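Student: pasting a predicted model and its sequence here:
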Amino acid sequence: MQSPSLDGQSTDVLAAANHPFLWACALGVFVVIIVQSVIYIRAARKAAPSVGLSGSQLFSAYRSGAVAAIGPSLAVVIVAVALLAVFGTPATLVRIGLIGSAAFETGAANIAAGAAGATLGGDDYTQSVFAVAFFSMSLGGAMWMVATLIMTPLLKRGEDRMEKVNPAVLTVVPGAALIAAFASLGIGEVPKSDAHLVTLVAAAASMALFGLVAAKAKMPWLREWGLGLSIIIALAAAYFSHTAGLGPAA
Amino acid sequence: MSTQTPPAAVATGMAAFDRTTSRWGRLTMLIGLVVSLSGSVYLGFFSGLDIEPSLLFTGFAVVASTFFVIWLVEPVTYFPILGPAAMYQAFMIGNISNKLLPSALVAQANLGVKGGTPKGSLAAVMAICGAATIHLTSLLVFVGILGTWLITVVPPEMMEVVRTYISPAIFGAVFVQAVMTVKQVRPVVIAVAIALIVQLVLVPAVPSLWLAATGIVVITTAVVAWFARDRRAEKKENTLAE
């Protein structure tokens, strides 16, 4: 497995980043997710009749989820491709594509490279600096899973207790939490630049339009595709306002 | 199909589902954790790069001091929306707010089921599996296989625009989707008001809070929405049920 080109001082980062062992681990994560999905689908099919969902309704949920993910997945792909030159393919696949998100991972890698006294993609970006950045991203990403593993059973217990006290909790809180999450994430984009505001409003307006048309004209497929279409329209608006000079100051 | 399933059958069916998903969900996530770490551990410690271990841990310590709040806040934030089973999927597959939640939401809206109910949980789990299928395939094909070629053909300005503006593009659309699914005015007004205050007043005043901002908004909204809920509607439902 020892690749002859591994040398801490070398700036040929991709020789280390595309190491066969890293490829094997990246594909391993893909396999784990596939296995988990198969187990979950089987469990859901078993439970469906008892809650009054038919097999075709389950499949329709699967299909809706898949179609709705097309737009966001392609966006992730484009961001990931843009980062290939910095992190190599295996690290990009696992860190940006799966587990984390581009925002956290590039942030973490930047910070870690800075702690090692270098900048990502700079003249001092050596194989060693990549190794430090990759280790920090990976361990950082692992902390999310550790937190999930520890906290989910505790949160579940809390939820069960709440449900006994007042079942209305479960009809009010999830919806409110969902709307709050996206209100906050969306409004958090506004201070970044006028073009961010334009993009946000364009996305919201086109989604509202698609939603209304889907409901009025009874076209449920439009609700699935509406998300991807809205993202494309919003990115077109972003492109024009960005080139018009409304983007963030460089 | 019947929607008049007796409550006891629902309870046993969901109990089996919860058992399977919590046992296997946790186990697969643990394996995913180890596999995803081992590449970087190999490169950092055993590959002959000859890196001071202290350098590796300093890197992580700096990252941890920046992000540890999110590690704690995000699971709490998404738990009420995802439910326990989907938690083990979501935090391994990643891109939760920009991909998995929208998928779960669309699936629930199309079936006309609500989050937090047994039907809603099953719909969310299936939708996340569907999203994972698309996501893994597109990553393998477009990044894993074609990535190095795509770099050379996609215009750099396009990559720049997508990278800079993808978040507002997704969040704006999904916010509207969420409003249309939940179909209640009160939580929307409360959430937007609190988000405006936290993101545009509180965070600029105390910048170190930005990492926890969404967690603060979600938890505050959940509490306020609970106390300000429409009790008349609740009573009406109760009398109807009787």
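Tutor: Perfect, I can see it now. Numbers count the residues shown, from 1 in each chain, chains lettered A, B, ... in the order given.
Student: check which helix or strand residue B:92 maps to.
Tutor: Assigned by DSSP states H and E, residue B:92 falls within helix B:53-93.
Student: after that helix comes which helix or strand?
Tutor: Past helix B:53-93, heading to the C-terminal end, the next element that is a helix or strand (DSSP H and E) is helix B:101-111.
Student: for that following helix, packing partners?
Tutor: Based on contacts counted as 3 or more CB pairs under 8 Å, 6 or more residues apart in numbering or on different chains; DSSP states H and E, the elements that helix B:101-111 packs against are helix A:55-91, helix A:169-189, helix A:220-241, helix B:53-93, helix B:118-138, helix B:156-182. Quick note: C-beta positions are derived from backbone N, CA and C, even for glycine.
Student: try 7 Å
Tutor: Packed against helix B:101-111, as judged by 3 or more CB pairs under 7 Å, 6 or more residues apart in numbering or on different chains; DSSP states H and E, are the following elements: helix A:55-91, helix A:220-241, helix B:118-138, helix B:156-182.
Student: now the shortest one: buried residues?
Tutor: Looking back up the chat, that one is helix B:118-138. Counting neighbours by 16 or more other CB atoms under 10 Å in any protein chain shown, one finds that the buried residues in helix B:118-138 are B:118-136, B:138.
Student: wait, residue B:108 sits on residue B:119?
Tutor: No: in this structure, residue B:108 is not within contact of residue B:119 by CB atoms under 7 Å, at 8.4 Å.
Student: now for chain A, the helix or strand with the poorest mean pLDDT.
Tutor: Between all helices and strands in chain A, the lowest mean by mean pLDDT, DSSP states H and E belongs to helix A:102-115, at a mean of 70.
Student: break chain A down into its domains, please.
Tutor: Structural domains of chain A, as assigned by automatic domain parsing, span the residue ranges A:1-155, A:166-250.
Student: what is the mean pLDDT for the shortest one?
Tutor: With pLDDT averaged residue by residue, domain A:166-250 scores 85.
Student: max-length helix in chain A?
Tutor: For chain A, the helix with the greatest residue count under DSSP state H is helix A:127-165.
Student: list the contacts for residue A:174?
Tutor: With CB atoms under 7 Å, 6 or more residues apart in numbering or on different chains as the criterion, the residues that contact residue A:174 are B:80-81, B:115-116.
Student: how near is the residue lying closest to residue A:99 once chain neighbours are set aside to residue B:189?
Tutor: Distances taken as CB to CB, 6 or more residues apart in numbering or on different chains put residue B:94 closest to residue A:99, at 4.3 Å, once the chain neighbours are dropped. With distances taken as CB to CB, to the nearest Å, residue B:94 is found 32 Å from residue B:189.
Student: burial count for the residue nearest to residue A:146 when sequence neighbours are not counted?
Tutor: If the residues on either side of it in the chain are set aside, residue A:146 comes closest to residue B:33, at 7.2 Å by CB to CB, 6+ apart. The burial metric for residue B:33, expressed as a neighbour count using other CB atoms under 10 Å in any protein chain shown, is 24.
Student: my read: residue B:33 touches residue A:144, true?
Tutor: No: under the criterion of CB under 7 Å, residue B:33 lies out of contact with residue A:144, with a separation of 9.4 Å.
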